[in-house]
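Participant: Here's a sequence, model it:
(chains A, B, C and D)
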Number of protein chains: 2
Amino acid sequence: MEQITQAIRQMIAIEAQELADFFRFSFVKTFKKQEIISRPNTIPNEIFFINKGLIRVLITDQEGNEHSLHFALENQFIADYSHFIQKKPALYTLQALEETEVVVLPRVGIEWGYANLKEGQKLGRLIAEFYFIYQDDRIKNNYYRSPKERYDLITDIFPNIHNRVPQHMIASYLGMTPVHLSRLKKINR
Amino acid sequence: MEQITQAIRQMIAIEAQELADFFRFSFVKTFKKQEIISRPNTIPNEIFFINKGLIRVLITDQEGNEHSLHFALENQFIADYSHFIQKKPALYTLQALEETEVVVLPRVGIEWGYANLKEGQKLGRLIAEFYFIYQDDRIKNNYYRSPKERYDLITDIFPNIHNRVPQHMIASYLGMTPVHLSRLKKINR
DNA sequence: TCGCGACGATAACAAATGTTTATAAATGCA
DNA sequence: TGCATTTATAAACATTTGTTATCGTCGCGA
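Facilitator: Now for the predicted structure:
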């Protein structure tokens, strides 16, 4: 639990005993390459923290097409957070693109943390704010960056992604077809 | 301060005295139609709560083109929240599209609330979560709804918007040109 | 080791969207 | 009230992006 401890301590002050109590609810789990970590249509009751590996978040539309809408890397929290909060059935699929080790944070543990950790609510606020900022950047970029710029800037968001994720999933994340991304790479603007 | 009181009490339990102490930092301000409420390039140190009116959030790109990226209605909080949190110079412009009355919440008041309100951190968490969910829906829709569907669904997000906002700003919000939106309205899919 | 499927590049064509210009109605202000 | 400005539509054309098909490489499992 060293990595998640460090991540939490970057956000709040928390004593060892508090942390130990909080982690009572959690456990480590590993997933094989390509394995599905979380499926849509059931209420998500877990948040994951990635120790090692890489998780793709995708949504499947009515026609069965997959849209990759996020990649989560080491030392990040990931879930269908929106539907976790709303306690509504998930729309997102979480898939390990590599052998992946996560810390599982069940809802009961998180609710216990809000109620009992001295700075539990603050931790929740900072995490929500962090992902709000990430999304805000993303929405903003869609308005005032060209598709080629968004491609060029992707390594700022997901370092080393080109060595870890197939290009057609990057194209999907960028909201374009793989054919078109291949074309864009050849030209400059 | 009735409206904002009600909005806060939908999220947390708070006594009258606490509220009064919190509101010490705040004041009401009105803006005329078309007036600029907040400009880019300075660090945003205020969050606004709309009592009456309608605020457009826009970003101006290098070529000077304006992109409308949000409309905020009555009983909502609005700011360049991302840059408020990060204490970085704003990128967004806030403009009143109607005669608009807001409650101004200065940073010192918000920080006082986090430190002193019993449920201040929780309030911050719930607000951040609320806007996270809004953004998540928006990003999701970009992946699996057609442009026409996004147009048809806009009144779910901004009720009565067609009577309050010119169509070319709606087109901008949808990421298309006004000419193209006009075209889309004629066809069905 | 072989063979199949995943992956990425490419070309040709189709569809969607942007650009420019024109026009007419609606709006707001002097 | 009258006039200038804003707004929405329309058409013609340009550009971007999607679709389909083909091909060559690579990696992985039987």
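Participant: For chain A, give the helix that spans the most residues.
Facilitator: Longest helix of chain A, by residue count under DSSP state H: helix A:120-144.
Participant: Flag every buried residue along that one.
Facilitator: Burial within helix A:120-144, assessed by neighbour count using 16 or more other C-beta atoms under 10 Å in any protein chain shown, is assigned to A:120-136, A:138-140, A:142-144. Using the backbone N, CA and C atoms, a C-beta is placed for each residue, glycine as well.
Participant: Is there any residue in it that contacts chain B?
Facilitator: Yes: against chain B, helix A:120-144 shows contacts by C-beta under 8 Å from any C-beta of the partner chain at A:121-122, A:124-125, A:128-129, A:131-133, A:135-140, A:142-144.
Participant: beta partners of the residue nearest to the spatial centre of chain A?
Facilitator: By C-alpha atoms, centre = their mean, the mean C-alpha position of chain A lies nearest to residue A:78, the distance being 3.5 Å. Bridge pairing for residue A:78 (DSSP bridges) gives the partners residue A:48.
Participant: ok, now which ones touch it?
Facilitator: A:47, A:48, A:49, A:50, A:55, A:57, A:70, A:72, A:94 (C-beta atoms under 8 Å, 6 or more residues apart in numbering or on different chains).
Participant: check which helix or strand covers the residue nearest to residue A:117 when sequence neighbours are not counted.
Facilitator: Spatial nearest neighbour of residue A:117, excluding adjacent residues (C-beta to C-beta, 6 or more residues apart in numbering or on different chains): residue A:18 at 5.8 Å. Per DSSP states H and E: residue A:18 is located in helix A:16-23.
Participant: Return the set of buried residues in that helix.
Facilitator: Buried-residue list, helix A:16-23, by 16+ other C-beta under 10 Å: A:18, A:22, A:23.
Participant: want to throw those residues into JSON lines with pLDDT?
Facilitator: Output for the buried residues of helix A:16-23, formatted as JSON lines (pLDDT from 0 to 100):
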{"residue": "A:18", "pLDDT": "98"}
{"residue": "A:22", "pLDDT": "98"}
{"residue": "A:23", "pLDDT": "98"}
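Participant: Show me which residues of chain A sit near DNA strand D.
Facilitator: When proximity is defined by C-beta under 7 Å from any atom of the strand, chain A lies next to DNA strand D at A:146, A:147, A:175, A:176, A:177, A:179, A:180, A:183, A:184.
Participant: what about 10 Å?
Facilitator: By the rule C-beta under 10 Å from any atom of the strand, the part of chain A lying against DNA strand D is A:32-34, A:63, A:65, A:146-148, A:150, A:171-172, A:174-184, A:187, A:189.
Participant: Which of those residues fall within helices?
Facilitator: Among these, the ones falling in helices (DSSP H) are A:147, A:148, A:150, A:171, A:172, A:178, A:179, A:180, A:181, A:182, A:183, A:184.
Participant: ok, of those residues, which come out buried?
Facilitator: Buried among these (16+ other C-beta under 10 Å): A:150, A:171, A:172, A:181, A:184.
Participant: which ones among the residues you listed come in contact with DNA strand C?
Facilitator: Filtering those for neighbours of DNA strand C using C-beta under 10 Å from any atom of the strand leaves A:171, A:181, A:184.
Participant: before we move on, the earlier item: and the angle for the helix holding residue A:18 with helix A:120-144?
Facilitator: Interaxial angle, helix A:16-23 versus helix A:120-144 (axes from the mean of the first three to the mean of the last three C-alpha atoms, to 10 degrees): 70 degrees.
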